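>>> The sequence and its predicted three-dimensional model are supplied below.
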Amino acid sequence: MLHTFWWTPVYIQYRLGSQGIKGPSYKFIHGNTKEMLKMRNAALSKPLGLLDDIFPRVLPHVYTWLSKYGKNYLSWKGAEPELMITEPELIKEVLINRDRAYLKPSPPFDSMKLMGNGLVTSNGERWAQHRNLINNAFQGESLKKVIPEMVVSVELMLQSWKNYLEKEIEVFEEFRLLSADIISRTAFGSNYLEGKNIFDMKVKYSNITRMNIFKSRFPSIRYFPH
């Protein structure tokens, strides 16, 4: 436990610090998650104007630490180090990844239950297999076949907006529902209601995951009985 939650983080922080990579100090077990949560709650407690910069609102900890520590900094999500880079040349090197040195990090267990082992989370051969499977779905001819269903969904949304004349509309929620409606119609077909049910459950699970994203837990604690 001391090796995982103290010695290794302190050693990584020292080694990167000697190379000029600074950042908020590591705190035992929870890293910087308490600071992240505090800044996030403070940012969300204030109203956002139409002309306000959205960056400090969505990622207040990243905005604050970039301003304080420079273009690249080290932070901690629990005992897991996170190196934030914003220099274009370094970003390009990671994205090109010629030597296959940069792998996608394994999401937390609760996030994996939501995302599954698909294109977003997989690496190597599994990623290539998933990529080949979805390629056909996004070809021009395939997309033409679902246009009528898309039109139906948009028309239904516009029809519902007539009930909001001279009233405010929560556009984000409306387009989330539109996306779910289109995917349910095109992917589930006759099982449209089943598709809607799956999306509703995913939204609920996403909310639970988001509420727990800044909480640190002991390894393997999920295996203990509740």
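Looks like it arrived, so ask away.

>>> hey, let's count contacts and neighbours off CA atoms from now on
Noted.

>>> mind checking how far stretch 117-130 is from the chain centre?
17 Å (C-alpha atoms, centre = their mean, to the nearest Å).

>>> Now that stretch: buried residues?
For stretch 117-130, burial by neighbour count (16 or more other C-alpha atoms under 10 Å) applies to L119, T121, S122, N123, W127, H130.

>>> so how far does it reach from one end to the other?
10 Å (C-alpha to C-alpha, to the nearest Å).

>>> Any chance you could list what contacts it?
L103, K104, P105, S106, P107, M115, R131 (C-alpha atoms under 8 Å, 6 or more residues apart in numbering).

>>> which helix is the longest one in the chain?
helix 140-161 (DSSP state H).

>>> For that one, C-alpha coordinates in CSV please.
These are the backbone C-alpha positions of helix 140-161, laid out as CSV (Å, rounded to 0.1, in the frame of the first residue of the first chain):
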residue,chain,number,x,y,z
GLY,A,140,-22.1,7.0,-48.0
GLU,A,141,-24.5,4.3,-49.3
SER,A,142,-25.2,3.0,-45.8
LEU,A,143,-25.9,6.5,-44.5
LYS,A,144,-28.3,7.3,-47.4
LYS,A,145,-30.5,4.4,-46.2
VAL,A,146,-31.1,5.9,-42.8
ILE,A,147,-31.9,9.5,-44.0
PRO,A,148,-35.7,8.9,-44.0
GLU,A,149,-35.6,7.8,-40.4
MET,A,150,-33.5,10.9,-39.5
VAL,A,151,-36.0,13.1,-41.3
VAL,A,152,-38.8,11.6,-39.2
SER,A,153,-37.0,12.2,-36.0
VAL,A,154,-36.2,15.8,-36.9
GLU,A,155,-39.8,16.5,-37.9
LEU,A,156,-41.1,15.1,-34.6
MET,A,157,-38.7,17.3,-32.7
LEU,A,158,-39.7,20.4,-34.7
GLN,A,159,-43.4,19.6,-34.2
SER,A,160,-42.8,19.4,-30.4
TRP,A,161,-41.1,22.8,-30.5
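
>>> distance between it and the chain's centre?
27 Å.

>>> Pull the residues that contact that helix.
N136, A137, E174, L178, D181, I182, R185, T186.

>>> repeat for stretch 12-25
By C-alpha under 8 Å, 6+ apart, the list of residues contacting stretch 12-25 reads Y26, G31, N32, W65, Y69, N72, Y73, L74, S75.

>>> Can you read off the backbone torsions of the last one?
Okay, so that is S75. Main-chain dihedrals, S75, degrees, to the nearest 10: phi -130, psi 180.

>>> How about the fourth one?
Reported as degrees, to the nearest 10, the phi and psi values for W65 are phi -80, psi -30.

>>> which intervals of this protein have sub-threshold pLDDT?
Residues of the chain meeting the criterion pLDDT under 70: 107-111, 113-114, 189-193, 213-226.

>>> Please repeat the previous calculation with a cut-off of 80.
98-101, 103-121, 123-124, 137-138, 187-199, 202, 205-226 (pLDDT under 80).

>>> Would you map the helices across it?
Under DSSP H, the chain gives helices at 2, 8-18, 33-44, 55-58, 60-69, 88-96, 109-115, 124-135, 140-161, 171-183, 192-211.

>>> Can you add distance to P81 and give those helices back as JSON lines?
Shown next, in JSON lines, are the helices of the chain (distance: least, C-alpha to C-alpha, whole Å):
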{"stretch": "helix 2", "distance to P81": "16"}
{"stretch": "helix 8-18", "distance to P81": "7"}
{"stretch": "helix 33-44", "distance to P81": "11"}
{"stretch": "helix 55-58", "distance to P81": "21"}
{"stretch": "helix 60-69", "distance to P81": "14"}
{"stretch": "helix 88-96", "distance to P81": "17"}
{"stretch": "helix 109-115", "distance to P81": "17"}
{"stretch": "helix 124-135", "distance to P81": "23"}
{"stretch": "helix 140-161", "distance to P81": "41"}
{"stretch": "helix 171-183", "distance to P81": "33"}
{"stretch": "helix 192-211", "distance to P81": "20"}
